[in-house]
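Q: what shape does this take:
(2 chains)
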Amino acid sequence: MEHLTGAFSDVFSFASLFALLVGLIVGYIVGVLPGLNRVTALAICLPFTYHLSPLAAIALLIGISKGGAAGGAITSILLNAPGEPSSAATCLDGYPATRQGKAKKALGVALYAAFFGDLFATVILVLSAAPLAKVALKMGPIEICAVLLFSLTFIAALSGPSLIKGLIAGLLGLFCANVGLDAETAVPRLTFGFVDLQDGIPLLAVGVGVLALSEMMLQIEASLTAPAGTAEADAVRIQPQDGITWGEFKGYWRTLVRGSVIGTVIGILPGLGATIASFLSYSLAKKASKHPERYGQGELEGVAAAESADNAVTAGALIPLFTLGIPGSVAAAMLIGALMVHGVTPGPLMFAQNPRLIYGIYGTILLASFLMLPIGQAGLKVFSQLTRIPDAVLCPVVVYLCFIGAFMEGNGMFAVWLVILFGVLGYLMKKLDLSFVTFLIGFILGPMIELRLRQSLITLQGDWTRLFQHPIALAFLLLTLLSIWRLSRAGRNLAKV
Amino acid sequence: MKRKTDALTGGILALFALTMLAVVIPAQIPYASDPSSLPPAFMANLVMGIVLGLSLLLMVRALLFGKPEAGPVVTASGLRWLAFTVVSLAVSGLLIHALGFLWGGILVVGGFMLCMGLRRPAIVLPVAAGTAGLCYGVLKYILKAL
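A: Below you'll find the model as predicted:
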């Protein structure tokens, strides 16, 4: 009980509330701007969390994640340009609705569907994480090693059309995680004589470099190579018109529940992502509809389907993070960084070691869901004007923020040079279709995988038949092989199309 | 799967993995003779060994099953943009290292804006100075990180 009351006061402290509000607004802004995405914003804001309390740090990042998911719908509906990749499905009916003069209704549906999906997944998270964590605590190193390998393989397989490239990217991330002092013997590994590398490569350098800095360089290149005369879309003014009514909205309840379930489940499975969730929800809503011919013509139920699933993924991805310490998404991976900086190791032991923080995080996530509504309503006209900011202003500012963030984390220029190195690496990876998402997740899971693999090998003592005494581990290893086989075949079939 | 691009990618990665296995890992990870634990280089060698295998597989599959591509894999414009990325970021790092976050930042933001074709001083100067000034102020006086 004292943890609950303590968490309540933490959630409503000035620092946490302020961080949450800032995060939601920043998230909305980033979600609206097609040139930026919430992953970039998370990477850039991560160093600023070092000076905050653990809960305020999480509040900031949760706010960005949720605001970004909801804000991406605005440009999808007004300009047919998704602010986030996961909002692409919203364009299908959102923009036609705008062309029919129903922009305000569409934006209202998107906002309320986002709220519904987000709240639904958050409730599932709160109810299921603790029981699942208890199950996870019963798993030994061999089982956890098998789960981690399955997760990494699954993510690699779904990260792009080539399974081999996805696996290579994940392994390169694992390799980079080897840098630093060996946990058992304290021998320096791959430090090249740099004392700054003895603690390993900072997550921030990898995250900011690969996610944000490389993306900005690609945006700059795209901007400079765009054909002459490419007009920038003007922000659409939202004309006075009727918004969505409660009677109209409640008619979508089946679609909302379906979308929220899809988003939550896909959020739990690592590597799938919100884009798949929103398109899957849209497709199923269309199939289940009595008037499927209306989809694609401004049917607001399509907007509800896409947005509820998109926003449910954010909270769903936190379930494997809290129960197993496995990030279900890149956004969840950034949260790991923030938690670890504050000395909190995500995983099933969090519930025993940091119950007050866990309750505080639940409270923050729920509060963020409710605050999304007034911020979304109030900021609609303002956010839609942000699309006028040219890339030539946005990209240089973000590049500079990357350097600032790196310097703050490492307290010196060494971290800035690391960010530049990983920025170039991220640029090359994107050009060569090597998944930077898998690379980053491989980097984050690297220490955990190495520890569990070592423990597993010691436990097995060279006798592989002992693996049969661990049926859960065996099941996950078989699932790993099965997913490699099935998904490599799916990739081959896709390549033939 | 693109024949030339993926074959080249596989070849470069295989070469990288071989270099790591043969030269870098033995040089950078000393052997610790503790029979009760795995060698420190175990994970690095395992990972790079698998990368080597996968890279060779990628190369072979690209050559056998890859779709032929028209034109060269490595283009002059591709190399130009890679050079632009490396040089612009390196110069940015040097400017910040030499001049600090305030003046270096103004030059970095302003420089990128000019590179992107924005030539109006009424926009470039306030945005560059404002961004660098605001960030510098927050870092130095509020967060006390400088």
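
Q: now the end-to-end length of stretch A:429-442.
A: 14 Å (Cα to Cα, to the nearest Å).

Q: that stretch vs chain B: in contact?
A: Yes - for stretch A:429-442, a contact with chain B is found by Cβ under 8 Å from any Cβ of the partner chain, at A:431, A:432, A:434. C-beta coordinates here come from the backbone N, C-alpha and C atoms, glycine included.

Q: give me every residue that touches the last one.
A: Counting by Cβ atoms under 8 Å, 6 or more residues apart in numbering or on different chains, residue A:434 makes contact with A:165, A:168, A:169, A:172, A:428, B:9.

Q: so it, which state does it fall into?
A: coil (DSSP: H, G, I helix; E, B strand; the rest coil).

Q: for PyMOL, what selects the buried ones among the contacts of residue A:434?
A: In PyMOL, a selection of the buried entries from those looks like this (16 or more other Cβ atoms under 10 Å in any protein chain shown):
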select buried, (chain A and resi 165+168+169+172+428) or (chain B and resi 9)
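
Q: TSV for the contacts of residue A:434, including distance to residue A:111 and pLDDT?
A: Output for the contacts of residue A:434, formatted as TSV (distance: Cβ to Cβ, whole Å; pLDDT from 0 to 100):
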residue	distance to residue A:111	pLDDT
A:165	38	91
A:168	41	94
A:169	36	92
A:172	40	95
A:428	39	91
B:9	43	91
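
Q: how about the residues of stretch A:429-442 next to chain B in JSON lines, adding pLDDT and distance to residue A:117?
A: Formatted as JSON lines, the residues of stretch A:429-442 next to chain B follow (pLDDT from 0 to 100; distance: Cβ to Cβ, whole Å):
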{"residue": "A:431", "pLDDT": "88", "distance to residue A:117": "35"}
{"residue": "A:432", "pLDDT": "87", "distance to residue A:117": "35"}
{"residue": "A:434", "pLDDT": "88", "distance to residue A:117": "32"}
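
Q: so where is the chain shaky, pLDDT-wise?
A: Assuming you mean chain A. Within chain A, the segments meeting pLDDT under 70 span A:1-2, A:34-35, A:83, A:158-160, A:227-242, A:270-272, A:383-387, A:411, A:488-497.

Q: please go with chain B instead
A: By pLDDT under 70, the low-scoring segments of chain B are B:32-36, B:143, B:145-146.

Q: just how off-centre is the longest helix anywhere in chain A within its chain?
A: Secondary structure assigned by DSSP state H gives helix A:103-137 as the longest helix of chain A. On the basis of Cα atoms, centre = their mean, to the nearest Å, helix A:103-137 sits 14 Å off its chain's mean C-alpha point.

Q: spatially central residue in chain A, please.
A: The residue lying closest to the centre of chain A (Cα atoms, centre = their mean) is residue A:331, at 2.8 Å.

Q: next, count neighbours for residue B:72.
A: As a burial measure, residue B:72 scores 9 neighbours (other Cβ atoms under 10 Å in any protein chain shown).

Q: next, it: secondary structure please.
A: Assigned state for residue B:72: coil (three-state reduction, three-state DSSP).

Q: Provide a list of residues in contact with it.
A: By Cβ under 8 Å, 6+ apart, the residues touching residue B:72 are residue B:4.

Q: let me know the closest of the residues of stretch A:429-442 next to chain B to residue A:24.
A: Comparing those against residue A:24 with Cβ to Cβ places residue A:434 closest, at 33.1 Å.

Q: so how far is chain A from the residue nearest the centre of chain B?
A: In chain B, the residue lying closest to the centroid (Cα atoms, centre = their mean) is residue B:86, at 8.1 Å. Distance from residue B:86 to chain A, counting by Cβ to the nearest Cβ, to the nearest Å: 6 Å.

Q: report the contact partners of that residue.
A: Neighbouring residues of residue B:86 by Cβ under 8 Å, 6+ apart: residue A:424.

Q: please state the backbone phi and psi of it?
A: phi -60, psi -50 (degrees, to the nearest 10).

Q: narrow the contacts of residue A:434 to those in helices?
A: Checked against DSSP H, these include these in helices: A:165, A:168, A:169, A:172, A:428, B:9.

Q: on that earlier part again, what helices or strands is the longest helix of chain A leaning on?
A: Applying 3 or more Cβ pairs under 8 Å, 6 or more residues apart in numbering or on different chains; DSSP states H and E, one finds that helix A:103-137 contacts helix A:54-79, helix A:88-99, helix A:246-250, helix A:253-268, helix A:300-316, helix A:318-324, helix A:350-353, helix A:355-385.

Q: quick check: next helix or strand after it?
A: Downstream of helix A:103-137, the next assigned helix or strand under DSSP states H and E is helix A:141-158.

Q: one step back: and which of the residues of stretch A:429-442 next to chain B is nearest chain B?
A: Chain B lies nearest to residue A:432 out of the residues of stretch A:429-442 next to chain B, by Cβ to the nearest Cβ, at 5.1 Å.

Q: got the contact list for that closest one?
A: A:165, B:5, B:9.

Q: what sits closest to the second one if chain neighbours are left out?
A: Closest residue to residue B:5 in three dimensions, ignoring its sequence neighbours and counting by Cβ to Cβ, 6 or more residues apart in numbering or on different chains: residue B:73, at 5.2 Å.

Q: cool, residue A:305 as well?
A: residue A:285 (3.6 Å).

Q: that neighbour against residue A:303, yeah?
A: No - Residue A:285 lies out of contact with residue A:303 (Cβ atoms under 8 Å); the separation is 9.9 Å.

Q: between those two, which one's more packed in?
A: Just comparing residue A:285 and residue A:303: by other Cβ under 10 Å the higher neighbour count belongs to residue A:303, 34 against 28.

Q: so what's the more buried one up against?
A: If you count contacts by Cβ under 8 Å, 6+ apart, residue A:303 has them with A:73, A:77, A:90, A:93, A:94, A:97, A:106, A:109, A:110, A:113.

Q: that one and chain B, how far apart?
A: If you measure residue A:303 against chain B using Cβ to the nearest Cβ, the figure is 34 Å.

Q: how near is that residue to residue A:62?
A: Distance from residue A:303 to residue A:62, counting by Cβ to Cβ, to the nearest Å: 24 Å.

Q: again, but for residue B:42
A: To residue A:62, residue B:42 is 37 Å away according to Cβ to Cβ.

Q: mind checking which of those two has more residues around it?
A: Set residue B:42 next to residue A:62 and count neighbours by other Cβ under 10 Å: residue A:62 wins out with 29 against 17.

Q: isn't that one right next to residue A:366, touching?
A: No - here residue A:62 does not reach residue A:366: they are 10.3 Å apart, not a contact under Cβ under 8 Å.

Q: mutual contacts of these two, please.
A: Common contact partners of residue A:62 and residue A:366 (Cβ under 8 Å, 6+ apart): none.

Q: can you report how many residues neighbour residue A:343?
A: By other Cβ under 10 Å, 8 other residues sit near residue A:343.

Q: count of neighbours near the residue in chain B that chain A sits nearest to?
A: Using Cβ to the nearest Cβ, residue B:112 is the residue of chain B that sits closest to chain A, at 3.5 Å. Burial of residue B:112 is recorded as 25 neighbouring residues (other Cβ under 10 Å).
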